[in-house]
Every structure is written in structure tokens, then in C-alpha cells.
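> The following block contains a protein sequence and its predicted model.
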Amino acid sequence: MNTSLMINRGFIFLALILLTNQLYATDYYLSNIGDDNNKGTSPETAWKTIGKLNAVILKPGDKIYLNKGDAFVGELLIKVSGTTKNPIVISSYGIGEKPVLTGAVFTSHFESYTATIFQAKEENFIKTLFVNNEMQIIARYPNAGFLAFSSQDEFVGKSPKTRDNGEGKNVSQIRMKSLHQPDGYWNGASIRYRPIDWEWGFSELVNWKNGILTVKDSCRYGFSKGYGFIMENKMEELDTAGEWFYDKKAKMLYIWSETKPTTKVEAVVYDYGIKLADYVSNIEINNITFENTKRQVYLLPGIMII
């Protein structure tokens, strides 16, 4: 048996595989005037939506082109890696401003709920709201500042977690003598807290009874005097300009306004412009603008943004 011949054939076979992969790399095009029923592989047959592109299984060497001057709503999902020589490329084509990947949808068709609260149906869970490019505030209490933890307030019960002073307080239950709402009022609302200089937290309020707040996720440290928290995402606290609330069960957005909203209202419903599956690498991104997302790209090593 000629071992040298077998090795040479192996190299040739591998080279053919690599060449085939490169030859079959595909260019995909998206345009606001495209059609998801098109082939999607040329500017003339461009697709329209990010959702259509997310259904494609990409390969090393594939390229995604977004039409300049257009805006695309959604979260582009990349589930496979490129290679060093054949990265997966996300870029733009055409003439004009860079295309925009946005995590926000336009919301309209508001109807009166009360004299100063307007509602609009929104199927997607809303993370943030912008009106005329200005971020709005989720309904909260108090409307300004925060509720300070004072000497009149106290932690209830014991916990295996201890502070530096060894007190061992249960930081998930707080007796708040400064709150006077009826039992159950704060159930299901959210809490943002800062118990000490180096810790911030966010959690759900699972119970409010007999003056005691029960928090779903306890903070690591007990509250120091002068620090505190705010309660938010409570419909009953929607009471001032610039505030909003989203009812996820009814899928309804509520906004406080003296007049019916007729301006640019954008609801952020996606966290990322581009989200990569675990261990994905060799992705190149250039000539793209990201707007209204928590983060442009869910970044991992091997991702290049130009």
C-alpha cells in the first residue's frame, strides 16, 4: 500500500471540501422594500425582515448585506461560526446612510384610558420606552428621589448570610414604617435598591403585608442607613408626565400624557441588535448602526466590529 499516495489523496480531498464550502458561500440581502417570498440572494430579490434571515442556517463565508438608508427591527441571531479565512460578514450595500438595526418598534393607535392616561396594544414585552427620542420613566414610587432606609425600619428574621458586623439579618424582608398602602398593594411590582456603595440590585416584590416587604431575590448586604430603594412597574403609580407602564398579561402599554400621543413613540422590545449563540466566533460586522438596544452585540471572543 502506498502510504504517501493515501496522504496526498487525503490532502486533496480536504482541499476540495474547503474549496466547495467557499464556492457555496451565499450572499443574503435585506431591504425595506424587499419581500420574504423572494430568493434573497441579490439586491433585486432582497428579503424584507430579520425574521426571514434568522431562519437561514449560515455557513462560513456567507455574507449578510443590509440596504443603506433602511431600518430593520429585530434581533439578528447568529448560530454558527465562520472561520479565520472565511468569516461570516454582516455589512451594508447601496447608497446613503448606514443601515440601522433597532430593538424598538413604533407604537401608535393610542386610545383614552383616563383623562391623562392613554393605552395602546403591544404584543411584545416592553423593556424601555422613548417618546421623540427621549427615554421615559417606568411608573414608580416615589416620583423623585428614593425611599431611604431609616432607623425606624428594620430587617425581619434571621438569615445564614451575615454582614461584616455579624448581625445576620434577613435582607429579603424589610419592615417599612414609612409605607402605608393596604396589604397586597405592592405585590408583583419591582424594586430597585442600593443597600450600600458597591451594590445595586433589581428584584420582584412578592408580598406586602402587615408593613413587611418580601423581596424575591435578597441582596447580599443589609441596607445601610441613608441608602434605599424605589418601587416601580406599578399601574397605580402611573401619575405624572414621562411615565409609562406595560401590562404583560393584557399586552397593553399605558402612558401618562395631558394629550393623546401623536408623536414618535418607540417601544424597545429586543435586548441586542445581533445575538450570537454560545461559542460562535469569526464574525465580522461593519457599516451598521445600532439603535435602542441594551447592547449592540452579545459579544464573545472572535467577533470583530469595524
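Ah, there it is.
> Identify the neighbouring strands of the lengthiest strand in the chain in the sheet and state each direction.
In the chain, with assignment by DSSP state E, the single longest strand is strand 199-209. For strand 199-209, sheet partners with direction are given as strand 190-196 (antiparallel), strand 212-215 (antiparallel), following DSSP bridges.
> now those strands as a markdown table including distance to residue 133 and mean pLDDT?
Using the backbone N, CA and C atoms, a C-beta is placed for each residue, glycine as well. Output for the strands paired with strand 199-209, formatted as a markdown table (distance: least, Cβ to Cβ, whole Å; pLDDT from 0 to 100):
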| stretch | distance to residue 133 | mean pLDDT |
| --- | --- | --- |
| strand 190-196 | 24 | 83 |
| strand 212-215 | 34 | 84 |
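> got CSV for these, with mean neighbour count and distance to residue 253 too?
As requested, these are arranged in CSV below (neighbours: other Cβ atoms under 10 Å; distance: least, Cβ to Cβ, whole Å):
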stretch, mean neighbour count, distance to residue 253
strand 190-196, 19, 17
strand 212-215, 20, 26
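> mind showing which ranges of the stretch 151-300 of the chain have poor pLDDT?
Under the criterion of pLDDT under 70, the regions of the stretch 151-300 of the chain flagged as low confidence span 151-171, 218-223, 294-300.
> Now do the strands in it.
Under the criterion DSSP state E, counting those that start in this stretch, strands of the stretch 151-300 of the chain are mapped to 154-155, 173-175, 190-196, 199-209, 212-215, 228-232, 243-247, 252-256, 265-268, 272-276, 283-285, 289-291, 295-297.
> before we move on, which element is the nearest residue to residue 248 once chain neighbours are set aside in?
Nearest-residue entry for residue 248: residue 125, 5.8 Å, with adjacent residues in sequence omitted and distances by Cβ to Cβ, 6 or more residues apart in numbering. Residue 125 belongs to no helix or strand when elements are defined using DSSP states H and E.
> residue ranges for the strands of the stretch 1-150 of the chain, please.
So, for the stretch 1-150 of the chain - with DSSP E, counting those that start in this stretch - the strands run 27-30, 63-67, 71-73, 76-78, 88-93, 100-102, 104-106, 111-112, 117-121, 128-131, 134-135, 137-138, 140-141, 147-148.
> So for the protein, which residue is the most central one in space?
With distances taken as Cα atoms, centre = their mean, the chain has residue 271 as the residue nearest its mean C-alpha position (1.9 Å).
> Now do the phi/psi pair for that residue.
phi -80, psi -40 (degrees, to the nearest 10).
> pretty sure it is in contact with residue 124, am I right?
No - applying Cβ atoms under 8 Å, one finds residue 271 not in contact with residue 124, separated by 11.8 Å.
> that older thread, dump the strands of the stretch 151-300 of the chain to JSON lines, plus distance to residue 36.
Written out in JSON lines, the entries for these read as follows (distance: least, Cβ to Cβ, whole Å):
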{"stretch": "strand 154-155", "distance to residue 36": "55"}
{"stretch": "strand 173-175", "distance to residue 36": "51"}
{"stretch": "strand 190-196", "distance to residue 36": "37"}
{"stretch": "strand 199-209", "distance to residue 36": "37"}
{"stretch": "strand 212-215", "distance to residue 36": "45"}
{"stretch": "strand 228-232", "distance to residue 36": "38"}
{"stretch": "strand 243-247", "distance to residue 36": "28"}
{"stretch": "strand 252-256", "distance to residue 36": "27"}
{"stretch": "strand 265-268", "distance to residue 36": "23"}
{"stretch": "strand 272-276", "distance to residue 36": "19"}
{"stretch": "strand 283-285", "distance to residue 36": "23"}
{"stretch": "strand 289-291", "distance to residue 36": "23"}
{"stretch": "strand 295-297", "distance to residue 36": "24"}
